[in-house]
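Engineer: kindly generate the corresponding structure for this input.
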Amino acid sequence: MSASLTAGLCAGLPASPAVAADCPDDPNTAGSVDGSELTYTLHTKYTAEWARAREAWNALGKVDIKPHTGTAYADVDATDVDRADIGWSGLWESHDLGSDDIVLNAHFLAAYPSDVKRGVVTHELGHALRLGHRSSPGAIMYCNDTRTAFAPASADIAAYRAVWGS
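Structural biologist: Numbers count the residues shown, from 1 in each chain. The predicted model follows:
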């Protein structure tokens with residue numbers, strides 16, 4: 001049996017399940033980065049949101065997020081589900097073997113405005129970049145969809161720099 005790490009994002013907009021009252025800062029995750037790059041395959045309808053999230057994180061340098069072109073596993077595989085029975089809009093999950101997963105839940109995302117969808121994708125990609133949750137709703141890594149950031153904010157950039165350097 002393989003161990004895995006999971007970081008889910010609680011849905012927090014209309015028609016979502018109950019949300020935790022607070023969101024403490026969490027330690028950083030194991031991430032999906034291989035060396036100084038993160039390769040991905042997309043099996044999602046949220047490709048425009050993915051492109052904007054990728055662009056926002058790549059602007060910080062240090063890690064090159066790019067499409068997978070090799071024959072081995074990609075670092076991350078992005079897919080969609082449509083499930084009302086789970087309490088998250090996005091999920092990053094680490095696997096010991098094969099690609100890590102970013103799963104986007106269309107059940108919640110379908111009702112979200114485009115900036116909130118982009119925020120969910122950017123948040124999950126942040127987990128793949130080794131970032132944990134932040135306690136501020138003004139951070140992209142806030143644990144709830146009620147965040148007010150839709151791209152990396154100052155707290156996220158500081159956490160990124162703490163992991164990857166300036």
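
Engineer: how about stretch 139-157, which residues are buried there?
Structural biologist: Neighbour-count burial for stretch 139-157, counted by 16 or more other CB atoms under 10 Å, picks out 139-147, 149-153, 155-156. C-beta here means a position set from N, CA and C on the backbone, and glycine is covered the same way.

Engineer: need the strands for the protein, in chain order.
Structural biologist: 6-10, 37-43, 64-67, 76-81, 88-93, 100-105 (DSSP state E).

Engineer: restricted to helices, list the buried residues of stretch 139-157.
Structural biologist: Counting by DSSP state H, the buried residues of stretch 139-157 place 155-156 in helices.

Engineer: okay, now the unreliable bits of this structure?
Structural biologist: Applying pLDDT under 70 to the chain flags the ranges 1-21.

Engineer: go through it and flag its longest helix.
Structural biologist: helix 114-128.

Engineer: helices or strands up against that helix?
Structural biologist: Counting contacts by 3 or more CB pairs under 8 Å, 6 or more residues apart in numbering; DSSP states H and E, helix 114-128 packs against strand 6-10, helix 47-58, strand 88-93, strand 100-105.

Engineer: list the buried residues of that helix.
Structural biologist: Residues 116-128 are the ones in helix 114-128 that count as buried (16+ other CB under 10 Å).

Engineer: just stretch 84-96 next, same as before
Structural biologist: 87-94.

Engineer: what does stretch 100-118 give?
Structural biologist: 100-109, 112, 116-118.

Engineer: identify, from those residues, the entry nearest to Ala78.
Structural biologist: Closest approach between the buried residues of stretch 100-118 and Ala78, by CB to CB: Ile102, at 4.5 Å.
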